[in-house]
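*Asks:* Have a look at this prediction, sequence included:
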Amino acid sequence: MLFIVFDDTGFGQLGCYGSPIETPNLDALAAGGLLYSNMHTTALCSPSRSCIITGRNHHANGMAAITELATGYPGYNGQIPFENGFLSEMLLQHGYNTYMVGKWHLMPSEQESAAGPYDRWPLGRGFERFYGFLGGDTSQWYPDLVYDNHQVEPPATPEEGYHLTEDLVERAMSFIADAKQVAPDKPFFLNLCLGATHAPHHVPQEWADRYRGHFDDGWDAYREQTFARQKQLGVVPSGAQLSPRDPDVPAWESLSAEARRLAARLMEVYAGFLSHSDHHLGRLLAFLKETGEFDNTLIMVVSDNGASAEGGVTGTTNEMQFFNNAPETLEESLTRIDELGGPTTFNHYPWGWTWAGNTPFRRWKRETYRGGVSDPFLVHWPDGIRARGEIRDQFAHIIDMVPTVLDVLGIEAPATIRGVTQSPLHGVSFAHTFDDADVVSRHRTQYYEMLGHRAIDHDGWRAVCPWPGPSFEEAERPFGTPITMADLDDLDAHHWELYHVDEDIAETKNLARDHRSKLIEMIALWYVEAGKYNVLPIDGSVLQRIMTERPQITENRTSYTFRSGTQAMPAAVAPRLLNRPHSVTADVEIPPGGAQGVLLCQGTNAGGWSLYVKDNHLHYAHNFVQRALHHVVSSESLPEGRHALRFEFEPTGAPDITHGKGAPGRAQLYIDGRLVGQSDMPVTTPIAINPGGMACGANPGSAVTPDYQAPFHFTGTLHSVTVDLSGDLIVDAESEMRMHMARQ
């Protein structure tokens with residue numbers, strides 16, 4: 001049993017779905033199996049992954065949104081109940097080896113640290129072995145890796161040829177081979193969840209260069225050409241209409257020549273990333289053939305949602321600018337065009353390519369139009385399916401994957417798992433479609449809700465209520481604004497749309513006025529489904545949830561002590577330093593001849609900060625999402641012996657989150673309480689530092705600042721580092737007076 005889960009890969013991005021992007025190994029699976037044209041997801045990654053692995057709806061899994069946005073409501077808390085067993089737990093009871101490789105993103109973010117608890121980590125949910133990353137994304141060159149229940153460093157560097165996709169495939173093959181050499185007849189379940197094609201779009205340059213010039217005609221041409229191929233392939237009906245131009249996407253010809261050059265290169269990198277992933281999946285498939293496992297392995301390939309628009313209207317060399325609302329200018333992006341896809345960037349393409357990647361549908365990830373929830377889905381099983389190279393257009397949803405697996409294996413869903421009584425599965429098997437193209441789908445009704453966007457499918461009809469969405473009259477309301485009861489009443493009364501998707505797959509004709517009674521029926525049905533699965537109350541907020549400090553497993557505190565050689569602390573449990581006064585104090589011993597290295601740091605070259613020693617001086621660097629680098633260095637060298645090396649930040653103004661600016665402030669360096677360096681920082685990181693944790697004694701992954709080469713281990717003795725959030729800063733009246741006089 002093999003699940004292959006892509007990330008942010010749209011309906012129109014695989015070759016077998018009409019895309020010009022080369023995916024020969026996935027195309028071969030489609031040619032030797034089945035291609036589904038009517039599979040649906042939740043519109044976002046954690047929610048979809050919870051459906052794929054449990055067979056239950058995402059709100060019933062507590063996964064209304066990604067785990068980083070969890071709240072206290074039952075459908076939103078990010079904690080999949082143990083009564084919603086995982087497929088891994090079910091198959092474990094039937095003698096399967098179970099492996100999880102790649103992206104997890106299925107537990108509360110505050111539980112990702114070495115303090116646990118570990119009961120919602122992969123090994124706590126029925127997987128015997130795990131190798132991958134726990135959060136939503138990571139660098140493909142410098143990933144935040146976990147092996148079983150502990151952090152590990154990548155086995156090689158980018159300079160040595162390392163890339164995460166290749167590493168994941170290698171690990172998957174080794175897990176299978178380890179067991180097969182001992183128990184060759186023992187079945188396995190591998191859940192392989194690639195980082196591809198989520199941002200950052202990282203790929204060796206030669207793969208991106210294969211597509212040089214291929215996208216110079218732009219996203220409008222891509223849509224038209226892909227749609228024509230989809231009709232030729234039968235992926236969409238011959239009489240289908242392409243969805244209209246999205247109001248948020250500029251016409252390709254309206255862009256300047258320089259903007260087109262940047263956008264085309266960003267898409268070349270994305271295409272190379274997808275083809276590179278397909279290539280390494282081909283190695284896994286070849287391995288299964290070599291070991292005699294291929295024909296009897298049920299393979300299901302799916303994406304967790306539609307293509308992602310998180311690159312914004314222009315695209316970006318660093319996705320963390322999107323999450324901090326601090327986009328770079330076109331001119332800034334162009335200076336780094338030759339670095340795109342490489343280790344120094346964290347790039348994402350413009351949302352024009354997102355829109356094109358979801359051809360023929362409307363919109364994209366995070367929204368419940370079909371561009372967000374309709375995704376590629378392949379099934380391949382030569383020993384179990386007679387049909388070859390056929391298309392299935394029956395309605396299905398990813399909650400149907402687990403029931404289908406159990407159905408074809410002849411396994412009943414367990415009544416209990418480890419003593420916990422199990423809830424009913426919400427999905428239904430689609431195994432009856434494997435060898436019958438004309439049989440009717442057994443999945444008649446499916447609700448959707450994502451960040452306030454709502455929709456429902458029922459017997460070939462589809463109702464959609466965007467929030468705020470392209471048809472919402474109050475378009476000036478920012479995405480993710482909380483929904484009030486008044487909003488809900490207004491939305492229900494005036495803003496639902498109705499489509500007969502059996503005849504209009506791309507939602508081109510809104511029939512809400514002509515079929516008012518059908519629309520009212522669909523809205524009522526949505527509320528029935530919402531009541532069943534913990535959907536209410538609806539929370540459309542995003543920024544508020546991102547900035548709210550997460551509950552912790554310990555009492556609230558203002559002092560954190562770090563020690564060298566320990567695991568990095570993920571952002572969700574690390575002290576939140578942004579926009580507030582704080583200090584970092586290192587207790588060190590400087591040997592004769594001096595020392596160098598990182599004392600404490602957080603983040604990567606995509607953004608973060610570092611307190612370090614270099615050339616026997618104390619340094620602090622703040623990397624503002626690659627938009628600016630603020631640097632302070634001590635005026636004195638560090639004396640030999642034991643000392644307290646301290647950094648302080650004192651805000652001198654308020655953050656401007658709307659314009660992507662964290663609080664300005666004064667950065668000061670101290671040796672044994674004596675001021676030895678200071679500088680004013682006009683802007684700091686406003687919202688989030690990610691990926692990369694807070695690490696003591698070294699900078700794992702990519703270096704926060706180009707001033708040193710990672711990991712830059714501290715070569716002296718580092719007894720401890722203390723972060724203080726109490727606001728108690730050193731008061732030096734004399735230095736204050738000198739500073740004010742210097743400004744006159």
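*Replies:* Structure received. Residues are numbered from 1 along each chain as shown.

*Asks:* can we go C-alpha only for contacts and neighbour counts from here?
*Replies:* Noted.

*Asks:* what number of residues lie near E68?
*Replies:* By other CA atoms under 10 Å, 23 other residues sit near E68.

*Asks:* got the contact list for it?
*Replies:* Neighbour list for E68: 108-109, 545-546 [criterion: CA atoms under 8 Å, 6 or more residues apart in numbering].

*Asks:* Of the residues you listed, just say which sits nearest to A663.
*Replies:* I546 (17.2 Å; CA to CA).

*Asks:* Wasn't that closest one part of a helix?
*Replies:* Yes: assignment of I546 by DSSP: H, G, I helix; E, B strand; the rest coil places it within a helix.

*Asks:* Show me what secondary structure element comes after the lengthiest strand in the chain.
*Replies:* Longest among the strand segments of the chain by residue count, using DSSP state E, is strand 641-651. Per DSSP states H and E, the first helix or strand lying C-terminal to strand 641-651 is strand 665-671.

*Asks:* what distance separates that next one from the centre of its chain?
*Replies:* Centroid separation for strand 665-671 versus its chain: 35 Å, with CA atoms, centre = their mean, to the nearest Å.

*Asks:* ok, back up a step: just the buried residues from the contacts of E68, in PyMOL please.
*Replies:* Those of the contacts of E68 that count as buried under 16 or more other CA atoms under 10 Å are selected in PyMOL with:
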select buried, resi 108+109+545
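
*Asks:* what's the longest strand of the chain in contact with?
*Replies:* 579-591, 611, 618, 620, 663-673, 729.

*Asks:* For P570, see how far away L577 is.
*Replies:* Distance from L577 to P570, counting by CA to CA, to the nearest Å: 13 Å.

*Asks:* Settle it for me: which of those two has more neighbours?
*Replies:* Comparing L577 with P570 by other CA under 10 Å, the one with more neighbours is P570, at 25 against 14.

*Asks:* ok, how many other residues are close to the closest residue in space to that one that isn't next to it in sequence?
*Replies:* Leaving aside its chain neighbours, P570 sits nearest to G693 (4.4 Å; criterion: CA to CA, 6 or more residues apart in numbering). For G693, the count of nearby residues is 25 (other CA under 10 Å).

*Asks:* among the helices and strands of the chain, which one scores worst on average pLDDT?
*Replies:* Least confident helix or strand of the chain, by mean pLDDT, DSSP states H and E, is helix 733-743 with a mean of 47.

*Asks:* low-confidence ranges in the stretch 401-550 of the chain?
*Replies:* Low-confidence segments of the stretch 401-550 of the chain, defined by pLDDT under 70: 468-482, 550.

*Asks:* Any of the contacts of strand 641-651 buried? List them.
*Replies:* Of the contacts of strand 641-651, these count as buried by 16+ other CA under 10 Å: 579-590, 611, 618, 620, 663-671.

*Asks:* What are the buried residues along the longest helix anywhere in the chain?
*Replies:* What stands out as the longest helix in the chain, according to DSSP state H, is helix 257-290. Within helix 257-290, the residues that count as buried by 16+ other CA under 10 Å are 259-285, 287-288.

*Asks:* elements contacting it?
*Replies:* helix 24-31, helix 164-180, helix 205-209, helix 330-334 (3 or more CA pairs under 8 Å, 6 or more residues apart in numbering; DSSP states H and E).

*Asks:* Could you dump those into CSV with distance to Y96, mean neighbour count and mean pLDDT added?
*Replies:* Converted to CSV, the helices and strands packed on helix 257-290 look like this (distance: least, CA to CA, whole Å; neighbours: other CA atoms under 10 Å; pLDDT from 0 to 100):
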stretch, distance to Y96, mean neighbour count, mean pLDDT
helix 24-31, 24, 19, 98
helix 164-180, 11, 19, 98
helix 205-209, 37, 17, 98
helix 330-334, 49, 15, 95
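
*Asks:* Can you tell me which of the ones you listed is nearest to G234?
*Replies:* Closest approach to G234 among the helices and strands packed on helix 257-290 (CA to CA): helix 24-31, 12.6 Å.

*Asks:* Can you tell me what sits against that closest one?
*Replies:* 14-16, 278-279, 281-282, 378-380, 388-390.

*Asks:* List just the nearest of those to N324.
*Replies:* L14 (30.8 Å).

*Asks:* Now do the same contact list for that closest one.
*Replies:* By CA under 8 Å, 6+ apart, the contact list for L14 reads 20-23, 26-27, 376.
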